[in-house]
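K.L.:
Have a look; sequence and predicted model below, questions after that.
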Amino acid sequence: MKIITVLLYISLLSCIAFSQEQDESIDPNTLIDYKPNWPIVVNPLLDMENLKNNEDVRDTSEIIIEGYRVQALVTRNTHSADSIRAVLSDKIDEDVYITYEVPYYKIRVGNCVDRKQAEELKLKLVELGYASAWIIRTRVKAPEFIREY
């Protein structure tokens, strides 16, 4: 019985010794709450001229259309995919994407609107040493001239 009492006192003293005090020195009224920079919401009822003149509003909308990309390579290693993407980004003036579909990382290049553009891009990649490059139909970002309409 004495051992239980001693253990109880020791546990009580350790709880008191190691308990933390709450620091209430922070005043919530002094905190600075910054205004969030929200993306623009496309709404046909909004006045687009006022939105274009407003400097606080950024157009982060992205138009996606059906198009083509050229798949340069497929790998299972994420580091290989990242390094190939970096090399391709330096060698070619096109957007390079990594698409992950279990278990493969697919390195795809370009935002081609038509098949002819994709064929030309495929020839460039073959000249750079990616002989197994092939064209795929997928959704792509619309070019600037389409975005303006």
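P.N.:
Perfect, I can see it now.

K.L.:
Quick check: the residue nearest to Thr78 when sequence neighbours are not counted vs Val70, distance?
P.N.:
Nearest residue to Thr78 in three dimensions, chain neighbours excluded: Tyr105, at 6.0 Å (Cβ to Cβ, 6 or more residues apart in numbering). Heads up, the C-betas are built off the backbone N, CA and C, glycines and all. For Tyr105, the distance to Val70 (Cβ to Cβ, to the nearest Å) stands at 16 Å.

K.L.:
So for those two, which sits in the more crowded spot?
P.N.:
Ranked by neighbour count (other Cβ atoms under 10 Å), Tyr105 and Val70 place Val70 first, with 26 against 20.

K.L.:
for that one, helix, strand, or coil?
P.N.:
Here Val70 is strand, with the state taken from DSSP: H, G, I helix; E, B strand; the rest coil.

K.L.:
Is Tyr100 bridged to anything, and to what?
P.N.:
Tyr105 (DSSP bridges).
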